[in-house]
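A.B. asks: coords below, sequence missing:
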């Protein structure tokens, strides 16, 4: 497992009973986590200093309960970056801290390439990977179907003084198809596809059914001198070896790193699993 050890402004304090207690800067949040199937010795909702708790509703969805007055949004730091934290619907904060393992690898790959790099970030969410790649010197195209998430990504870019990102609000598959017709190519491709979703015309996306074909499609916009392809997945039960097999079949079997990613906790002996990643790298 690759563990994101590099945070100072974020930590997982305790886990148990389907929830994780986290420190985001000076603010403490309690949120559900499907991986936490073990019990806690204490009621985490009674933790002293808890600022907000996201609880599921029996009818679907959920809501935040605030115990103290906190900002609508605030910033936390990772290395020399600042990112916006904002409690949103469906328990999200706009940051997946475990992705720091990927940000570090992408920074190293781009910085050490010694050539101009064009990166395509698909299902790009609030744009933290886009900002990191741009800061490392890449020209980044950021694509997400959600206008609200793209606006948040622009805020994160502005916060870090980054202006070499092209922001696109679009269905990722349709964008790829258009890029193929336009003859545009990229040296690095990042994707973090959802488990389930609907396209702009109501078409269903199910990761198990659609991921292989989608990755195969992205091969058509990969340059003749590629640097990397990175796939992240939060689909419960999807093994890193599945991502490795897809990358191997589409791009060739050499130089593929497939791992579970996770977060350290302040509990002795407990590491929180947070998903899987597959990284294909071409040696220059």
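C.D. replies: That came through fine. As the structure is a prediction and not an experimental result, all values here were calculated from the model. Numbering: from 1, shown residues only.

A.B. asks: in the stretch 151-284 of the chain, which segments are predicted with low confidence?
C.D. replies: Scanning the stretch 151-284 of the chain with the threshold set as pLDDT under 70 gives 198-203, 205.

A.B. asks: Contacts for the helix or strand hosting residue 151, please.
C.D. replies: Secondary structure from DSSP states H and E places residue 151 in helix 147-159. With contact meaning Cβ atoms under 8 Å, 6 or more residues apart in numbering, helix 147-159 is reached by 75, 82-84, 86, 94, 124-128, 130-131, 134, 142, 144, 163, 165, 167-169. Just so you know, the C-beta spots here come from the backbone N, C-alpha and C atoms, and that holds for glycine as well.

A.B. asks: Of those residues, just the buried ones, PyMOL syntax please.
C.D. replies: Command for PyMOL that selects the buried part of the contacts of helix 147-159, burial taken from 16 or more other Cβ atoms under 10 Å:
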select buried, resi 83+84+94+124+125+126+127+128+130+131+134+142+144+165+167+168
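
A.B. asks: Give me the subset of the contacts of helix 147-159 lying in helices.
C.D. replies: If you go by DSSP state H, these have 128, 130, 131, 134 in helices.

A.B. asks: Where do the strands of the stretch 151-284 of the chain begin and end?
C.D. replies: Secondary structure of the stretch 151-284 of the chain, counting by DSSP state E, counting those that start in this stretch: strands at 165-169, 188-191, 196-198, 204-206, 228-233, 256-264, 271-281.

A.B. asks: Just put the ones you listed in a markdown table and tack on distance to residue 47.
C.D. replies: Conversion of the strands of the stretch 151-284 of the chain to a markdown table gives the following (distance: least, Cβ to Cβ, whole Å):
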| stretch | distance to residue 47 |
| --- | --- |
| strand 165-169 | 38 |
| strand 188-191 | 35 |
| strand 196-198 | 32 |
| strand 204-206 | 37 |
| strand 228-233 | 30 |
| strand 256-264 | 18 |
| strand 271-281 | 17 |
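
A.B. asks: Tell me how far stretch 83-93 lies from the chain's centre.
C.D. replies: Here the centre of stretch 83-93 is set off from its chain's centre by 13 Å, with Cα atoms, centre = their mean, to the nearest Å.

A.B. asks: mind listing what's buried in that stretch?
C.D. replies: By neighbour count on 16+ other Cβ under 10 Å, the buried set for stretch 83-93 is 83, 84, 85, 87, 88, 91, 93.

A.B. asks: correct me, but the last one touches residue 87?
C.D. replies: This points to residue 93. Yes. With contact defined as Cβ atoms under 8 Å, residue 93 and residue 87 form a contacting pair (6.0 Å).

A.B. asks: between the two, what contacts are shared?
C.D. replies: Common neighbours of residue 93 and residue 87, counting by Cβ under 8 Å, 6+ apart, are residue 29.

A.B. asks: For the closest residue in space to residue 6 that isn't next to it in sequence, give me its contacts.
C.D. replies: Leaving aside its chain neighbours, residue 6 sits nearest to residue 100 (5.5 Å; criterion: Cβ to Cβ, 6 or more residues apart in numbering). By Cβ under 8 Å, 6+ apart, the contact set of residue 100 is 4, 6, 7, 78.

A.B. asks: need the contact list for the first one.
C.D. replies: What it means is residue 4. 97, 98, 99, 100, 101, 261, 262, 263, 264.

A.B. asks: I'd guessed the third one sits against residue 128; true?
C.D. replies: Yes. Under the criterion of Cβ under 8 Å, residue 99 makes contact with residue 128 at 6.7 Å.
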